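*Asks:* turn this into a model:
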Amino acid sequence: TLFLPRDIDRVRAIFVLINSGTSWNGLAASVYADADVRALAGEVNAALLLLRVTPIVIGAHMYFVNNATAGGDEGLIVLLDRLAADSGNPDVRKAPLMFWGHSASGPFGQTFALRNPDRTIGFVAYHSGTPGIPRDLGMFRHIPALLLQAGADVVKNPDGFTQLAGEWSRARAAGAPWTFGIEPD
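*Replies:* The predicted structure is shown next:
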């Protein structure tokens, strides 16, 4: 679902809000519908894209939700082409993307950036992990990220927290503009 603010001259960016899981009314949908978020989008000439992704589970992995390199990146590019045509706004086709994903969908933006660094402004992994960052961090030196964990998740899954903190530390050491935080309670 694409939201284009009124009186937008040019779509300078698209905020991609990834809604995954069994409910279409998840946290990303709430962010998408928020009046303040829509006002911000209008102020910065950005569109909002609520990307509803149905998990495809193979073994323990949810492909297309948390790993854009499994084909989700190509699907998103095709979708943007279609939305550009349907909306009559050609800027949608090539606008840079800012990703926000919660839980299982958090890594989508990072993995999209692996194959499409020129289209990725940044990503937020909210209460999520990362799929593991590659050895070569060159592309991430220009892609900011916010990795935000919940305090309760840190207690429930200390190994996952340690892995995420280690990946953040390695990315920062390589010059990536990444921020890591723990949301209390």
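*Asks:* rest of the way, CA atoms for contacts and neighbours
*Replies:* OK.
*Asks:* okay, strands next: where are they in this protein?
*Replies:* Counting by DSSP state E, the chain forms strands over residues 2-3, 13-20, 46-53, 56-58, 61-63, 97-102, 120-126, 145-150, 178-183, given from the N-terminal end onward.
*Asks:* tell me the angle the second one makes with strand 120-126.
*Replies:* In terms of direction (axes from the mean of the first three to the mean of the last three C-alpha atoms, to 10 degrees), strand 13-20 departs from strand 120-126 by 30 degrees.
*Asks:* how far away from the center of its chain is strand 13-20?
*Replies:* Its chain's C-alpha centre and that of strand 13-20 lie 6 Å apart, by C-alpha atoms, centre = their mean, to the nearest Å.
*Asks:* that strand pairs with which strands, parallel or anti?
*Replies:* Taking DSSP bridges as the criterion, strand 13-20 sits next to strand 46-53 (parallel), strand 97-102 (parallel) in its sheet.
*Asks:* quick check, central residue of the protein?
*Replies:* With distances taken as C-alpha atoms, centre = their mean, the residue of the chain nearest its centroid is residue 99 (2.6 Å).
*Asks:* residue 83 is nearest to which of the strands of the chain?
*Replies:* Taking C-alpha to C-alpha as the criterion, residue 83 comes closest to strand 2-3 out of the strands of the chain, the separation being 7.5 Å.
*Asks:* quickly list what the residue nearest to residue 26 when sequence neighbours are not counted is bridged to.
*Replies:* By the measure of C-alpha to C-alpha, 6 or more residues apart in numbering, the closest residue to residue 26 outside its immediate chain neighbours is residue 19, 6.1 Å from it. For residue 19, the beta-bridge assignment (DSSP bridges) gives partners residue 52.
*Asks:* surely residue 19 meets residue 66?
*Replies:* No - counting by C-alpha atoms under 8 Å, residue 19 stays clear of residue 66, with 11.1 Å between them.
*Asks:* where do the contact lists of these two overlap?
*Replies:* Between them, residue 19 and residue 66 have residue 105 as joint contacts when contacts are counted by C-alpha atoms under 8 Å, 6 or more residues apart in numbering.
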